[in-house]
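Visitor: Here's my sequence, what's the structure:
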Amino acid sequence: PEVRQSVFDIERFWLDKGVDGFRMDVINLISKPAGLPDVPGVATAGTTLAFVADGPRLNEFLKQMNEEVLSHYDVMTVGEMPGSTPEDAIKYTGLKSNELNMVFQFEHVLLSPNPDVRLDKWNDEPVKLPELKVALNKWQKALDGKGWNSLYWNNHDQPRAVSRFANDDPKYRVRAAKMLGTTLHMMQGTPYVYEGEELGMTNAHHTKLNQYEDLES
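Guide: Next up, the predicted model:
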């Protein structure tokens, strides 16, 4: 309870200064299994996430945050929730849930993983259009009238949208960027435009590793 109250105090500090809301990083990991047991077997990103995400008290914590802080301000909240399903999104961000306004889900940005799991999101396989349509359609239909979608193509953890989902060849870059922007903004939900996306920015395509300043590269 003391930890939660200090988090609430921090939120009130910024809300009283006039911020319009919060993007809550991996918020669905705040309720851990009782006793904090070790992940069984070999711990990987996948097994660890499945073990600690969407814990038994997550709804309780989010409702308390809303009741004690968020509901007293005119703000927007979005929770980053890796591994979430539409059913989870409705539970935590449904129109009548009184918890958060929407979630960031990752289904469409994790399509077509390279067989080499070490590459993770840096895989160079093109996304298959039918799979992308299925993923987007799934969330649009499931949340219609029940919750609210957050719409995005890329962020600080993802490759550039034009390079990832379309074609960044100079001949096609502008048309591809406009196509992605139109697709995003014509769906139901709140669109998020990541810095540089409004310019149709592409991946860097450097030729030597020492040309990159990105830590993960």
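
Visitor: Please work out how many residues are found near Ala45.
Guide: Residues contacting Ala45 under the criterion other Cβ atoms under 10 Å number 10. From N, CA and C alone the C-beta is placed, and that goes for glycine too.

Visitor: Over to Thr183?
Guide: By other Cβ under 10 Å, the residues close to Thr183 number 16.

Visitor: what about it, is that helix, strand or coil?
Guide: When classified by DSSP: H, G, I helix; E, B strand; the rest coil, Thr183 comes out as helix.

Visitor: again, but for Arg23
Guide: Under three-state DSSP, Arg23 falls in the strand class.

Visitor: Could you check stretch 193-211 and say which residues are buried?
Guide: Within stretch 193-211, the residues scored as buried using 16 or more other Cβ atoms under 10 Å are 197, 200-202.

Visitor: What's the end-to-end length of that stretch?
Guide: Taking Cα to Cα, to the nearest Å, the first and last residues of stretch 193-211 lie 26 Å apart.

Visitor: before we move on, the earlier item: in helices only, show me the buried residues of stretch 193-211.
Guide: The members of the buried residues of stretch 193-211 all map outside helices under DSSP state H.

Visitor: now those as TSV including pLDDT and distance to Asp88?
Guide: Formatted as TSV, the buried residues of stretch 193-211 follow (pLDDT from 0 to 100; distance: Cβ to Cβ, whole Å):
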residue	pLDDT	distance to Asp88
Glu197	95	26
Gly200	96	33
Met201	96	31
Thr202	95	33
